[in-house]
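Trainee: here's my sequence, what's the structure:
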Amino acid sequence: MSGFAIFNIEVKNSDAYQDYVKQVKPTAEKYGGEYIVRGGEFKIVEGEWSYPRTVVIKFPSFQNALDWYNSDEYKPIKKIRLDNSVSNGIIIKGE
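Mentor: Residues are numbered from 1 along each chain as shown. Purely as a prediction, here's the structure:
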C-alpha cells in the first residue's frame, strides 16, 4: 500500500524557501517518492484550507514516506522549510 506525504504550506520567506525547493526532491526520490502535486491552482470546495501551497508526494509504502520524513538526509532540508514557512503535514496510507 502506498504512502503519501501531504503538506499545506504558507511560505514566509520565498528566497530562503527556494533553497528548500532545490534540495528536497532528490531526498524524496531516494525513498521512492514521486511528486504528484507541487503547488498549483486550486479551489476550496469544502471547509477551510489554511495555506495557499499544497504538496503531495507518493511513496511506494507508508513506511518509505515515514523513513524519508525522519531521514538524516531530509533533516537539514526540512529545517529550511520549517524556518521559512508555516505548514500542516500528514503522512497517510493510500492506494
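Trainee: biggest helix in the chain by residues?
Mentor: Ranked by residue count and defined by DSSP state H, the top helix of the chain is helix 14-30.
Trainee: can you tell me what sits against that helix?
Mentor: Helix 14-30 is contacted by residues 5, 11, 33-35, 57, 59, 68, 71, 73-74, 77, 80-81, 83-85 when judged by C-beta atoms under 8 Å, 6 or more residues apart in numbering. Using the backbone N, CA and C atoms, a C-beta is placed for each residue, glycine as well.
Trainee: low-confidence stretches in the protein?
Mentor: Counting by pLDDT under 70, the chain has no low-confidence residues at all.
Trainee: what ranges does it have for its helices?
Mentor: For the chain, the helices identified by DSSP H occupy 14-30, 62-69, 75-84, in order along the chain.
Trainee: mind checking these for the one nearest to K93?
Mentor: The closest approach between K93 and any of these, judged by C-beta to C-beta, belongs to helix 62-69 at 4.6 Å.
Trainee: when you compare where that closest one runs with where helix 14-30 runs, what's the angle?
Mentor: For helix 62-69 against helix 14-30, the angle by axes from the mean of the first three to the mean of the last three C-alpha atoms, to 10 degrees is 140 degrees.
Trainee: how about helix 62-69: buried residues?
Mentor: Neighbour counts using 16 or more other C-beta atoms under 10 Å place F62, N64, A65, D67, W68, Y69 of helix 62-69 among the buried residues.
Trainee: wait, the last one touches F4, no?
Mentor: No - no contact is recorded between Y69 and F4 when judged using C-beta atoms under 8 Å, the distance being 11.4 Å.
Trainee: mutual contacts of those two, please.
Mentor: With contacts taken as C-beta under 8 Å, 6+ apart, Y69 and F4 have I91 as neighbours in common.
Trainee: could you dump the helices of the chain to TSV with distance to G47?
Mentor: Formatted as TSV, the helices of the chain follow (distance: least, C-beta to C-beta, whole Å):
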stretch	distance to G47
helix 14-30	26
helix 62-69	24
helix 75-84	24
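Trainee: tell me the contacts of E48?
Mentor: Contact criterion C-beta under 8 Å, 6+ apart gives no residues in contact with E48.
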